[in-house]
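Asker: Quick one: sequence and predicted model below, then my questions.
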Amino acid sequence: LHFFPFPCLSSVKNKAPAPIQITAEQLLREAWERKEVESTKAPKQKITDKNELREYRQGKRKDFEDRIRMNRTHLPLWVKYAKWEETQQEYDRSRSVYERALDVDYRSHTVWLNYAEMEMRHKFINHARNVWDRAVALLPRVAQLWYKYAFMEEMLGNFAGARNVFERWMKWAPDENAWMAFVRFELRHGSVGNARNIFERFIQSFPTIKAYTKYARFEERQRETGKAREIFERLSDELPEELVTADYYLAFAKFEERAREPERARAIYKYAIENTAKAEAQELHSAYSAFERQRGDRAGVEEAIYTKKRIEYEEMLAANPRNYNAWFDLARMEEANSTPEKIREVYERAIAHTPPPDEKRYWRRYIYLWINYATWEELEMGDLERARQVYRACLKSIPDKHKRFSFSKIWLLAANVEIRRHDVAEARKLLGQALGMAPKEKIFRGYINVELALGEMDRCRRIFAKWIETNPYSVTAWKEFAEMEASLGETSRARAVLELGVSQDELDLPELLWKTYIDFEIGEDNMDAARKLYDRLLEKTRHGKVYQSFAQFESTNGHVDKSRKIYRDGERALKSAITEASAGGDGDSEGLAIALKQERVNLLKAWKDLETNMGSEEGLVEVEKKMPRKVKRKRPLLDEHGNTAGWEEYYDYVFEEDDEAAPHLKLLQAAQSWKKAMSAQES
């Protein structure tokens with residue numbers, strides 16, 4: 001639902017304050033006093049004899065059949081019906097329900113899965129095989145069916161049957177995961193030769209570097225170094241040259257390193273660097289450098305290269321100390337090649353060059369220096385205490401004590417470090433300080449997520465209350481508060497939160513909160529409450545989409561007459577609004593009238609769909625009489641001085657009913673013009 005505010009239908013004549021003022025406190029108190037009492041739940045029924053059991057089953061089946069008759073294509077209802085029959089140990093009836101569901105839509109793999117799992121749960125193995133065979137025959141591209149089928153056969157010890165299932169699957173040329181599952185199956189049962197044959201078929205179906213590399217790794221794990229090397233050599237012969245990329249050479253060289261053949265690896269690196277494009281050779285250069293460092297060769301040359309690169313960065317930073325991209329590159333280079341003391345020195349020098357304190361946009365890049373610094377201390381050095389100190393120093397560096405701007409991510413990252421230090425109290429203290437200094441939506445949400453993970457629901461409620469108190473216009477706060485209560489099963493609390501939310505005078509996205517409230521009541525099967533919410537919403541706005549949604553709600557519940565009445569009311573309201581907007585005479589009123597006409601057309605189309613699918617011939621005739629005709633018209637284009645600069649064409653809708661009211665429209669336009677003239681004279 002997308003609800004938009006509707007313009008006032010009439011202007012206020014008396015703007016003097018009312019003698020009796022109503023406060024928000026009175027509204028809340030009256031809403032609380034007049035709230036509806038929840039109806040008591042039906043008592044539990046205890047079945048004592050076979051007759052009662054038979055009546056219970058008969059009523060339950062009748063309820064399922066009625067619901068299915070109303071919405072035959074709703075497959076979850078079929079599955080629920082079949083599972084209920086299963087709980088009654090009526091397995092034949094459960095099978096019958098599944099078969100009927102498959103007649104409705106055999107392409108739903110969920111139904112097949114539930115059907116087969118029912119048979120497997122009760123050890124009807126042959127029935128389960130029958131279901132799996134039918135499923136994979138009808139839906140051969142659904143991998144989950146094949147996985148489940150092969151897994152069942154393997155668990156039963158029928159390895160030949162499981163292998164047969166995989167062989168049938170491979171004929172459909174599935175993705176790589178299916179082939180790897182087949183290989184793992186063979187390895188689990190010690191059939192290395194079969195696994196090797198499967199890999200041969202795999203690289204024929206998927207002639208890629210990744211496939212050959214997997215095959216080679218398989219042979220390497222089997223301690224067949226010669227065969228693995230042969231596979232890498234076959235790759236360069238069997239694949240086209242354009243497909244042989246740097247990834248192949250890198251994988252081949254890494255293999256030779258693991259095989260303790262450094263000379264072979266060095267030759268591969270050199271050949272790859274010479275025969276690979278520079279854009280793709282960066283990773284090769286890095287790997288080759290790391291390889292040479294490990295083998296102890298050319299250490300001085302490598303150090304000279306890094307020294308040269310370091311000098312280039314220092315020159316860039318000397319020209320512009322706030323070139324944070326250069327600081328990032330230098331820090332990454334030092335992390336890869338220098339000692340911890342040198343890396344800390346680079347980070348400390350970088351964070352010392354703070355941006356100007358006036359603009360937040362200059363700080364957005366700078367702040368990641370602190371984040372990278374703290375992350376390196378925690379992950380690479382394993383020093384949580386230093387990471388904590390880095391985040392605290394970062395928070396202190398924000399100018400004006402976070403009054404001008406702040407960064408939610410810094411507060412949340414600092415709190416997460418405290419949690420990883422097992423100091424929950426300090427994390428709460430820090431997040432509370434964040435809410436006091438920079439009450440942002442991300443901080444509220446992050447604090448709530450922390451308390452949710454800890455299971456502190458009362459604290460979550462207090463944080464939500466603080467969020468709403470800080471920003472009562474935030475629909476997100478009201479919505480997430482209600483969703484949390486609903487997820488906890490606190491229906492009354494969720495309803496109360498939503499009620500308080502929609503009763504606010506101003507909200508940033510009121511249509512979203514109304515939609516959430518209505519969906520909540522529908523989810524609770526409280527259709528009367530949802531209907532009342534629609535009525536209350538129509539008192540606030542007369543938007544066409546509200547009428548359309550209300551009507552669709554009634555038609556979904558089988559109330560076609562009510563739906564038709566809502567469509568009539570909406571069409572009349574939009575017709576009246578179009579008349580008033582057309583009487584304005586200015587450009588804004590004309591644009592509003594065009595938009596309202598489009599809403600009216602959309603409403604009539606939805607009404608027509610209702611009459612076509614669920615209504616009567618009389619209703620369909622009534623709607624078709626109201627349908628407009630589409631015409632092309634022209635209007636002047638005005639420049640910045642109000643002069644006519646040209647003409648543009650646009651499409652308009654002409655309603656036959658409105659033509660009869662044309663004389664009255666002219667009178668209304670004249671009255672509107674007189675009112676504007678009088679207002680101009682008074683001013």
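Answerer: Cool, the structure landed.
Asker: Need the contact partners of stretch 151-162.
Answerer: With contact meaning CB atoms under 8 Å, 6 or more residues apart in numbering, stretch 151-162 is reached by 116, 120, 125, 128, 132, 150, 165, 185, 189. C-beta here means a position set from N, CA and C on the backbone, and glycine is covered the same way.
Asker: Near Lys148, how many other residues are there?
Answerer: 22 (other CB atoms under 10 Å).
Asker: Can you tell me how far the spatially closest residue to Thr245 that is not a sequence neighbour is from Asp247?
Answerer: Spatial nearest neighbour of Thr245, excluding adjacent residues (CB to CB, 6 or more residues apart in numbering): Glu280 at 6.3 Å. Distance from Glu280 to Asp247, counting by CB to CB, to the nearest Å: 9 Å.
Asker: May I see the buried residues of stretch 251-264?
Answerer: Taking 16 or more other CB atoms under 10 Å as the neighbour-count basis, stretch 251-264 is seen to contain the buried residues 251-253, 255-257, 261, 264.
Asker: Give me the phi and psi for Ser616.
Answerer: The phi/psi pair for Ser616 (degrees, to the nearest 10) reads phi -120, psi 170.
Asker: Show the contacting residues for it.
Answerer: Applying CB under 8 Å, 6+ apart, no residues contact Ser616.
Asker: So which of the buried residues of stretch 251-264 are in helices?
Answerer: Judged by DSSP state H, the subset of these located in helices is 251-253, 255-257, 264.
Asker: which one of those is nearest Thr208?
Answerer: Ala251 (11.9 Å; CB to CB).
Asker: show me the contacts for that closest one.
Answerer: With the criterion set at CB under 8 Å, 6+ apart, Ala251 makes contact with 209, 213, 216, 232.
Asker: With distance to Lys429 and pLDDT added, can I get the buried residues of stretch 251-264 in JSON lines?
Answerer: Formatted as JSON lines, those follow (distance: CB to CB, whole Å; pLDDT from 0 to 100):
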{"residue": "Ala251", "distance to Lys429": "50", "pLDDT": "88"}
{"residue": "Phe252", "distance to Lys429": "55", "pLDDT": "88"}
{"residue": "Ala253", "distance to Lys429": "52", "pLDDT": "86"}
{"residue": "Phe255", "distance to Lys429": "53", "pLDDT": "88"}
{"residue": "Glu256", "distance to Lys429": "55", "pLDDT": "86"}
{"residue": "Glu257", "distance to Lys429": "50", "pLDDT": "84"}
{"residue": "Glu261", "distance to Lys429": "58", "pLDDT": "84"}
{"residue": "Arg264", "distance to Lys429": "59", "pLDDT": "87"}
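Asker: ok, which pair from the residues you listed is furthest apart?
Answerer: Ala251 and Glu261 (14.4 Å).
Asker: With only the CA atoms kept, save stretch 416-429 in CSV.
Answerer: What follows is stretch 416-429, C-alpha atoms only, in CSV (Å, rounded to 0.1, in the frame of the first residue of the first chain):
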residue,chain,number,x,y,z
ASN,A,416,31.2,-4.4,19.6
VAL,A,417,34.9,-4.4,20.7
GLU,A,418,33.7,-4.1,24.4
ILE,A,419,31.4,-7.1,23.9
ARG,A,420,34.2,-9.1,22.4
ARG,A,421,36.2,-8.2,25.5
HIS,A,422,33.2,-9.7,27.5
ASP,A,423,32.5,-6.3,29.1
VAL,A,424,28.8,-5.9,28.4
ALA,A,425,28.4,-3.2,31.0
GLU,A,426,31.0,-1.0,29.3
ALA,A,427,29.3,-1.6,26.0
ARG,A,428,26.0,-0.5,27.4
LYS,A,429,27.6,2.5,28.9
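Asker: buried sites along that stretch?
Answerer: Applying 16+ other CB under 10 Å to stretch 416-429 flags 416-418, 426-428 as buried.
Asker: Identify the farthest-apart pair in the residues you listed.
Answerer: Between any two of the buried residues of stretch 416-429 (CB to CB), the greatest distance is 13.5 Å, for Val417 and Arg428.
Asker: Brilliant, that's me finished.
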